[in-house]
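K.L.:
sequence and predicted model, in that order:
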Amino acid sequence: MAKFTLQVNGQARTADVAPETPLLWVLRDNLDLVGTKFGCGVGQCRACTVHIGGQPVQACMTPVSSIGRKAVTTIEGLSANGTHPLQKAWCELDVAQCGYCQAGQLMTAAALLAENAKPSDEDIDNAMAGNICRCGTYLRIRAGIHRAAELTATGIATKKETAQ
Amino acid sequence: MNPYEAPSLTEFPTLDRRDFLRLTSFVGGGLVLGSFLKISGTAHAAEIAKTAPSGDFTPNAYVRLGLDGSITLICPRPDSGQGVKTSLPMILAEDLEVSWQSVTVQMADLNAVYGSQTAGGSTSTPTFYLLLRQLGTTARVMLIDAAAQTWGVPAAECFAEAASVHHKASKKSLPYRDLVAKAATLPVPDAKQAVLKDPKDFKLLGQRIGGVDNQKIVTGQNLFGLDFKLPGLVYAVFEKCPVFGGKVVSANLDRIKTLPGVKDAFIIDGTKDLRGLMPGVAILADSTWAAFSARRQLKVTWDEGAFANDSWDGFTKQAQDLAAKGTGNVVRKDGDVDAAFASAAKVVESAYSYPFISHANLEPQNCTASVTADRAEIWAPTQNPGAGADIVAKVLNIPKENITVHILRAGGGFGRRLSADFVIEAAAIAQKAGVPVKLVWSREDDLRHDHFRPGGFHFLKGSVDAAGKISGFRNHSVFFAGGLGADEFPSRFIPNHLGLSSVLPNNVPMGPWRAPGSCVFSFVYQSFIDELAHAAGRDPVEIRLELLGDKGMVPGTGERGTPYNAARMKAVVKLVAEKAGWGKKLPRGQGMGIAFHFSHRGYIAQVAEVTVSKSGDLKVDRVVCVSDVGSQIVNLSGAENQVEGSIVDGLSAAWRQELNIERGRIVESNLAEYQLIRMPDAPKKIECHFLKSDNPPTGLGEPVLPPLAPAVANAIFAATGKRIRQLPFAKTDLSWS
Ligand code: FES
Ligand code: FES
């Protein structure tokens, strides 16, 4: 066992765990951040996607000892109060069925939009291909990403108008 | 449970108010749930009155209006993504005349007041639609009465809207909040006498409403079974014999107990119930990871039992031998198939098969339990809380009234969580350990110890006569459980028909998988009908319409037979062909296929449009679906989500999913080998149409899935000339030149 202090959602959080413990279980069992989901444990479903240093990674494949001081963002920290454009779009389009995969979908999608503000269908398919949705909400996920891109674009447009 | 039979529709119990108060266990009483406290069936209304916050209006077990203006609607059945936690309360809200935004939805615990709480068989809508309309209406009528009495005017002059009662003439109005106390003192009218409002006045039903848990889902809040925690909880894993039905001989428990974080390790002897508590080794630790890590050091000596040599290849060989002998139970005999074949213009013979597959819920099975010698409290992501209580009572010998089951949101159901194996495992481990336990299955456990969708084999022979009509059909089905139903389509629609059924001896645990039976039968029969159409040189839509005939309602066979409304089916087939632009010329490598299926009271037809590259890469470009599930869609967004999900799921299952059995065990271990569909392979476009008919509204969790696989397989044939007779599709080389 060893003490690890992680920067999670802008806060320093400490856990006393075995060094090889995957970040997934540190988040879920030690830090009470249960939004990050366990689906396969072997990097195949991406239900466990979080951002480390802004990049989407599978928390089930990331030993806690490998993270250091890099910023970890989980679904709980994607926005202050559920107002990220993706979160808004997801509710507007009623994307979820069971909802279990959606934290991972949202985190992967957020990383995509951060790099590509107006992704094409193909961009989305490529970026999202690692994330399984067992319930089959893929069409709505794709639509949700387009909608979030649109919300972001119009949000910027509105701000500019206000500024003038 | 027969893996071919989903839970059936049960008559809703009629309860009077006194029964309700006796049974309600304080759903409307504001008592804090979550302790071991459980009200026995003998509790009296007076006792409840003592503990209930005074004056709340609880006219039935589903509606509670607080003095503070709160409106709480109770959902009786579990939600694993099929959307009932939203749709069922919507029905109440519609007739209660309250805005959806003002409502709080609460998931019920297991409670006899709700009748069957099993979310399976697409039964929730047909069971609850009328009942909840009546109960919502009754509550509204009582609030109107309370206002009318307050004002001293006839109730008939008042109406309710937006959680207020209004008096037309005087323009007076009172919010429900101010009527709660009075309404609570009024007698509850008989719900069956309720005069329901005209569906054309619906404000909420038929709208697109987002799921009630959406905000929690997108912000990652504690919601699912796996998220649940209790103080003092320990985490458990449970290793079972990889060979189905195997027993533990010994395990290196002493070593396991020395590993970091491990609190305990022991053998559970289990029972012989393949779908109940199987023997295994439990490891308890202070974190999930500690339990997972310790498990990697676990060495168990198993008694693998009598089935350790079973294999899929062996099963296939046995099925072929049976087919060659032609022996089986005769489940249907109409006319004379041999005469039909003898006089036929064309005879087609084909063998179809499909493998075992897993439900692969994305949330692996798990359950939290706190159990003593004679009490149990369970928190489960389940579709079937009643089965959980039943098995805990039976195996652990705990009185039913001492068992509480809390229903948590489940990360996918699809029939897997109708079983309660994970519930009894958690409960048995918790009882033995003497501490609250959260049992977590690994993905490998989940794949290898599923209650699988059964594989099967169908040996078919069919004929068309000189006029191009389907004249004879011989069907020898070889199953792993159950048997061929006498009414399985095209039974009842072909004059000369012989249905034979055989079952292979095996020890594989099986259970209902989304649209049990139908999910594979539709592939077999709707593909074979296409083969016959092709042999006859007929259009696949036209021959189907001819097959359905002009009989309208076709009765079922025997007492439990299901009537088949051929007129409803013809209507969806015609409409889907029209919407899809059936008959349009497509270049080689592109094709359209049609299929229809009736199950779970729903009549569904689909047209798939595919592109297959010369090298055999499949793309599903478009699926058009027409569903007749009665007169009213409850939540349009939820309904469309079920249609889209069923189509994607149907494609996922048919394309690459298969589990192989060797040496009595499942070969595949995780999602790298067991391949679920991903976004790039999902149909590019899904068009969802509802054909409203004058029939009671029915469920959508299952009936849309079955026709997808044959619609796509038939489209692949149209595109390439390659006929798929074996699932998954990936086993057939689709390249063409
Ligand atoms: S749980 Fe991490 S990829 Fe599946
Ligand atoms: S919504 Fe259920 S797995 Fe995606």
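P.N.:
Arrived safely, thanks for sending. Ligands and ions are numbered 1, 2, ... in the order given.
K.L.:
B:Pro495 against B:Gly335, yeah?
P.N.:
Yes - using CB atoms under 8 Å, B:Pro495 is in contact with B:Gly335, at 4.7 Å. All C-beta atoms are positioned from the backbone trio N, CA, C, and that covers glycine.
K.L.:
need the overlap of contacts for these two.
P.N.:
The contact sets of B:Pro495 and B:Gly335 overlap at B:Gly472 (CB atoms under 8 Å, 6 or more residues apart in numbering or on different chains).
K.L.:
what's the local residue count around A:Lys37?
P.N.:
Neighbourhood size, A:Lys37 [other CB atoms under 10 Å in any protein chain shown]: 28.
K.L.:
how about the one 10 residues further on?
P.N.:
In terms of burial, A:Ala47 registers 29 neighbours under the definition other CB under 10 Å.
K.L.:
skipping adjacent residues, who's closest to it in space?
P.N.:
A:Gly39 (3.5 Å; CB to CB, 6 or more residues apart in numbering or on different chains).
K.L.:
and for B:Leu259?
P.N.:
Nearest to B:Leu259 is B:Ala294, by CB to CB, 6+ apart, at 4.3 Å.
K.L.:
now the strands for the stretch 51-200 of chain B?
P.N.:
Using DSSP state E, counting those that start in this stretch, the strands of the stretch 51-200 of chain B run over B:57-60, B:63-65, B:71-75, B:103-107, B:158-161, B:164-167, B:173-175.
K.L.:
between these, which gets nearest to chain A?
P.N.:
strand B:103-107 (14.0 Å; CB to the nearest CB).
K.L.:
quick one: that closest one near chain A?
P.N.:
No - applying CB under 8 Å from any CB of the partner chain, one finds strand B:103-107 out of contact with chain A, separated by at least 14.0 Å.
K.L.:
how much does that strand deviate in direction from strand B:71-75?
P.N.:
30 degrees (axes from the mean of the first three to the mean of the last three CA atoms, to 10 degrees).
K.L.:
can you list the neighbours in contact with strand B:103-107?
P.N.:
By CB under 8 Å, 6+ apart, strand B:103-107 touches B:70-75, B:78-79, B:85-86, B:89, B:93, B:212, B:407-409.
K.L.:
quick check: neighbours of that strand in the sheet, parallel or antiparallel?
P.N.:
Strand B:103-107 sits in its sheet next to strand B:71-75 (parallel), going by DSSP bridges.
K.L.:
may I have the strand it pairs with as CSV, with CA atoms only?
P.N.:
Provided in CSV are the C-alpha atoms of strand B:71-75 (Å, rounded to 0.1, in the frame of the first residue of the first chain):
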residue,chain,number,x,y,z
ILE,B,71,-46.1,15.5,-6.3
THR,B,72,-44.5,12.0,-6.1
LEU,B,73,-45.3,9.3,-8.6
ILE,B,74,-44.1,5.8,-8.0
CYS,B,75,-42.8,3.5,-10.7
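K.L.:
quickly list the domain ranges of chain A.
P.N.:
Per the record, chain A has its domains at A:2-77, A:85-153, by automatic domain parsing.
K.L.:
about what we covered before: the residue nearest to A:Ala47: which element?
P.N.:
Using DSSP states H and E, A:Gly39 sits within no helix or strand.
K.L.:
please list the residues of chain A that sit near ligand 1.
P.N.:
Residues of chain A lying close to ligand 1 (CB under 6 Å from any ligand atom) are A:Phe38, A:Gly39, A:Cys40, A:Gly41, A:Gly43, A:Gln44, A:Cys45, A:Arg46, A:Ala47, A:Cys48, A:Gln58, A:Cys60.
K.L.:
which among those residues count as buried?
P.N.:
Neighbour-count burial (16 or more other CB atoms under 10 Å in any protein chain shown) is assigned, among the residues of chain A next to ligand 1, to A:Phe38, A:Gly39, A:Cys40, A:Gly41, A:Gly43, A:Gln44, A:Cys45, A:Arg46, A:Ala47, A:Cys48, A:Gln58, A:Cys60.
K.L.:
from these, which land in helices?
P.N.:
Applying DSSP state H to those, no entry is found in helices.
K.L.:
out of those residues, which is nearest to B:Ala146?
P.N.:
A:Ala47 (49.1 Å; CB to CB).
K.L.:
what's the distance between the residue lying farthest from the centre of chain B and ligand 1?
P.N.:
The outermost residue of chain B, judged against the average C-alpha position, is B:Ser170 (50.6 Å), by CA atoms, centre = their mean. For B:Ser170, the distance to ligand 1 (CB to the nearest ligand atom, to the nearest Å) stands at 63 Å.
K.L.:
got the contact list for that residue?
P.N.:
B:Trp151, B:Val153.
K.L.:
cool, B:Ile91 as well?
P.N.:
B:Phe128, B:Tyr129, B:Leu132, B:Arg133, B:Gly136, B:Leu205, B:Val634.
K.L.:
buried subset of these?
P.N.:
B:Phe128, B:Tyr129, B:Leu132, B:Arg133, B:Gly136, B:Leu205, B:Val634.
K.L.:
list the ones among the residues you listed that fall in helices.
P.N.:
Per DSSP H, those map to helices at B:Phe128, B:Tyr129, B:Leu132, B:Arg133, B:Gly136.
K.L.:
of all those, which comes closest to B:Asp694?
P.N.:
Nearest member of these to B:Asp694, counting by CB to CB, is B:Tyr129, at 14.4 Å.
K.L.:
show me what contacts that closest one?
P.N.:
Contacts of B:Tyr129 by CB under 8 Å, 6+ apart are B:Ile91, B:Gln632, B:Val634, B:Pro696, B:Pro697.
K.L.:
OK, now which residue of the stretch 51-200 of chain B is nearest to chain A?
P.N.:
For the stretch 51-200 of chain B, CB to the nearest CB, closest residue to chain A: B:Gly81, 2.9 Å.
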